[in-house]
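> I would like to see how this sequence folds:
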Amino acid sequence: MKKIILLASVLFSSTLLASTSWSDLELYDQYKSTQDIAFENGVVLPAGQTYELRQIEPLTIPGYPMFYLQFHQMNCVNVDQTADMSLLEVKGGTVLGIDLEEGCNVGMYLEVKDYYKDSAFE
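Residues are numbered from 1 along each chain as shown. As a prediction, the model looks like this:
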């Protein structure tokens, strides 16, 4: 019986610690980042920060179907800080474009083919 309880608790905790897929994210819900979000200019938003998903838009770029997702960093200190487009590899292999916009907004450009894969949030 102890082994069954231990196995169940391990399985349950591993699902709690897993990243949420991009498709499961909902507008105006808050999520914690599961990894650092690093930009090429040296700005790093550390893992564990809370973000609110504020926008999901399909982008119509011929040959490159994408979604634009905008996350607002909660408890942001540097509201004027910006960063140009960088690439972020999410655990699991997804690579997306990211930028840091004024007002503590992180823009993410996700290819449609990666929409059902693990995100950088939980």
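> So, low pLDDT: which residues of this protein?
1-18 (pLDDT under 70).
> all helices for the protein, in order.
For the chain, helices defined by DSSP state H occupy the ranges 2-17.
> Which strands border the longest strand seen in the chain, and is each parallel or antiparallel?
In the chain, with assignment by DSSP state E, the single longest strand is strand 50-59. Each strand paired with strand 50-59, and its direction, by DSSP bridges: strand 30-32 (antiparallel), strand 66-73 (antiparallel).
> Could you measure from residue 37 over to residue 113?
Going from residue 37 to residue 113 by C-beta to C-beta, to the nearest Å gives 21 Å. Glycine gets a C-beta too; all of them are placed from N, C-alpha and C.
> higher neighbour count, the two?
Neighbour count, other C-beta atoms under 10 Å: between residue 37 and residue 113, residue 37 has more, with 23 against 10.
> Tell me the bridge partners for that one.
Residues in beta-bridge contact with residue 37 (DSSP bridges): residue 45.
> contacting residues around it?
44, 45, 88, 98, 106, 120 (C-beta atoms under 8 Å, 6 or more residues apart in numbering).
> State the number of residues packed around the third one.
As a burial measure, residue 88 scores 18 neighbours (other C-beta under 10 Å).
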